[in-house]
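[1] Predicted model, plus sequence, below.
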Amino acid sequence: MLKNKFFRIGAGILLVFLIIYVGSQIEWVFYPLVVLFQTLFIPIILAGFFYYLLRPVVKLFNKKLPATLSVLIVYIILICLVIGFLVLIGPVLKKQLYSLLDSMPAIFAEIQKRLTNIKEMDFLQLEQVAEVLDLEHLFFELGDLINRLIRYFTANISNIVGQLANTVLSLVIVPFILFYLLRDGDRLGESIINLFREDKRELARSILSDIDQTLSAYIQGHGLVCLCVGLLCYIAFLVIGLDYALLLAVIAGITEIIPYFGPWLGSIPAVIVGLFQSMGKGIIVIIVIIIVQQIESNFITPQVIGKKMKMHPIVIMLLILLAGRLVGLIGMIMVVPLYAVSRVVVSYVLGVKRGEIKM
């Protein structure tokens, strides 16, 4: 009976769950592992993200230079770009951010006032529409939420500063992890392959190669999509005369990292600022965002990421909702590449079972 493959797999799974259960009942067993995971998880994920973004540049230098020197040159270029960003764009972003935060009470008050004026107009039954949507109450609740968040941050400033300090200390090790990944990434893959039996190494090499290509396509492609969306929004916001154009475009580009939901979350600040300027400007902002999203989904993403990452939108939405519920923002960002990787592994497993792939 012990020789039965499925029995061994089932027994192994039960043993893992038993170990986890026993460990959860004795806090000191798993607590050091939890602390270690929490400390290293974000730095490793960030290092992996930048590894795929910077690897093409490092490989370009590797054609004529040693690996270590290539990585150092890329680091110098990256540092120069960051310094240039902080010097040229940082002050503008900081000024716009503080100005927007100071203007938030006035923005919500003005929007509520304009919505009240709309409700009093007897035009196309706007009063009934406003009552159904209850927009005034919605903006009141949104303003109240922002005030409560400000009070929360003020009351818990010491805890927040402590968490930020821990985060900064964790992020300090990112450049070191990234350096060794960029320098020794290929050798790391071979080291993993050598852990398998000799007759399984070719299959392991194929699986790792497909996983690597999938992650590379997603991370590099999605990074470029975020940049394109940010630039398109910035140009469009400048053309229509939207206040805080640079800040709002940066927000739109960053939130683009969350598929499907991110673009609409990133558009909320721009719409609010547009409504504050005028009701017509708010409508124009909505139209601009819809146009940018259509360009992104129909032209940019298919060209940049291609068909390799093609997934059904419903599946992605459900995964993002579930990951957001269980893990939060990090889960929403990571669930798509993790799903893509798992799909590669499952396709190989099914191929082996069907006899399409030889072990």
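    Nice, I can see it.
[2] List the residue ranges of the stretch 1-150 of the chain that fall below the pLDDT cut-off.
    Within the stretch 1-150 of the chain, the segments meeting pLDDT under 70 span 1-13, 16-17, 20-38, 111-112, 114-150.
[3] And the helix ranked longest in the chain, what's buried?
    Longest helix in the chain by number of residues, with DSSP state H as the criterion: helix 201-240. Residues of helix 201-240 classed as buried: 203-204, 207, 210-212, 214-226, 228-230, 232-234, 236-237 (neighbour count, 16 or more other CB atoms under 10 Å). C-beta here means a position set from N, CA and C on the backbone, and glycine is covered the same way.
[4] try stretch 336-352
    Buried positions in stretch 336-352, judged by neighbour count with 16+ other CB under 10 Å: V336, P337, A340, V341, V344, Y348.
[5] what mean pLDDT does the helix or strand where the fourth one lies have?
    Right, the one you point to is V341. Here V341 sits within helix 329-354, counting by DSSP states H and E. Average pLDDT, helix 329-354: 80.
[6] Tell me what angle that helix forms with helix 201-240.
    If you take axes from the mean of the first three to the mean of the last three CA atoms, to 10 degrees, helix 329-354 sits at 140 degrees to helix 201-240.
[7] what kind of secondary structure is I258 in?
    Taken by DSSP: H, G, I helix; E, B strand; the rest coil, the conformation at I258 corresponds to coil.
[8] Now do the contacts for it.
    L265, I320, L329, M332, I333 (CB atoms under 8 Å, 6 or more residues apart in numbering).
[9] and which of those is nearest Y180?
    I333 (23.7 Å; CB to CB).
[10] Tell me how many other residues crowd that closest one.
    20 (other CB atoms under 10 Å).
[11] Could you report the distance from it to E256?
    Look at I333 and E256: by CB to CB, to the nearest Å, they are 11 Å apart.
[12] again, but for V292
    Taken as CB to CB, the span from V292 to E256 is 10 Å.
[13] so what sits against both of these two?
    V229.
[14] Next, L242: secondary structure please.
    coil.
[15] correct me, but it touches F276?
    No - taking contacts as CB atoms under 8 Å, L242 lies outside contact range of F276: 10.1 Å.
[16] what pLDDT, on average, does stretch 275-295 get?
    On average, stretch 275-295 scores 88.
[17] From the chain's centroid, how far away is that stretch?
    Stretch 275-295 sits 24 Å away from the centroid of its parent chain (CA atoms, centre = their mean, to the nearest Å).
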